[in-house]
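A.B. asks: compute the structure for the input listed below.
(one chain, ligands or ions: 1)
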Amino acid sequence: MEKMLKTKNVAYWYDKKEHKLFDNVNLEFKEGKLYAIIGSSGSGKTTFLSLLGGLDKPRAGTIEFQGVPLSKIGLTNYRNHDVSMVFQSYNLFPYMSALENILTAMAITKAEHVHDKDYVFEVLEKIGINKEMAKKKVGRLSGGQQQRVAIARTMCCDAKLVVADEPTGNLDEQNTFEVLDLFKAVAHEQNKCVIIVTHESMVAQRCDQQIELKNNEFLIK
Ligand SMILES: Nc1ncnc2c1ncn2[C@@H]1O[C@H](COP(=O)(O)OP(=O)(O)OP(=O)(O)O)[C@@H](O)[C@H]1O
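C.D. replies: Numbers count the residues shown, from 1 in each chain. Here you go, the predicted structure:
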């Protein structure tokens, strides 16, 4: 398995340097693997994920994607091409259909299959969204269906890294397991690196590796 993402001596704090959320973080994330980041509320999981996703920069240290520092890739470039994000609140355009949401993301990120509607229908069909549903405004789909569309969006885009913040936080147990299976498929079948933040132990236990943020340190479990 190839290294995808590496943090080197990463530290972060919001207001005061004395109030570090984490310090000296040295972690490696590989392709083809599904990771869970766990930890108590307020420990800094979302903040750490936002650094991995290129939404913010570490206060100290560096993050490398495929051996290249994010500062060299450029955060906008990184966000547009290398990383794909999934959120608890789905972050889809509610007045667009699933198909339009995905085609738009593919156009922005210049995905290989850009404009290929049949390809998108095929991916959606595989994850339980038929053609008829794919043409409806996503705001009219259920939470579980919307999260499937958000995952299909990452499947149709070419980014090799997927980061997801509490992606099952709004779902019931059955949908949680189904969505988790989809993330597994993204990691194992598409050979992507998938990193999920979760506070649900039943989600974390089903990932390939758990990493706990505790007392400002990351522990590999
Ligand atoms: N923009 C901000 N400015 C200042 N402090 C912030 C900001 N965002 C988050 N924090 C603080 O940083 C700490 C970590 O927040 P973060 O959201 O990363 O934790 P978390 O582990 O994801 O929590 P939860 O599980 O409750 O979502 C919290 O104490 C939070 O109040």
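A.B. asks: tell me the contacts of the most centrally placed residue in the chain?
C.D. replies: Nearest to the mean C-alpha position of the chain, by CA atoms, centre = their mean, lies V163 at 1.9 Å. Listed by CB atoms under 8 Å, 6 or more residues apart in numbering, the contact partners of V163 are L49, L52, G53, V83, S84, M85, V86, V194, I195, I196. No exception for glycine: its C-beta is placed from N, CA and C like everyone else's.
A.B. asks: okay if I get the residues you listed as a markdown table plus secondary structure, neighbour count and distance to M106?
C.D. replies: Converted to a markdown table, the contacts of V163 look like this (DSSP: H, G, I helix; E, B strand; the rest coil; neighbours: other CB atoms under 10 Å; distance: CB to CB, whole Å):
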| residue | secondary structure | neighbour count | distance to M106 |
| --- | --- | --- | --- |
| L49 | helix | 20 | 23 |
| L52 | helix | 24 | 22 |
| G53 | coil | 21 | 19 |
| V83 | strand | 25 | 15 |
| S84 | strand | 26 | 11 |
| M85 | strand | 22 | 15 |
| V86 | strand | 22 | 16 |
| V194 | strand | 30 | 19 |
| I195 | strand | 28 | 22 |
| I196 | strand | 28 | 23 |
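A.B. asks: of those, closest to A11?
C.D. replies: Distance ranking of the contacts of V163 against A11, using CB to CB, places L52 first at 14.3 Å.
A.B. asks: any idea how far that closest one lies from the ligand?
C.D. replies: Distance, L52 to the ligand, by CB to the nearest ligand atom, to the nearest Å: 12 Å.
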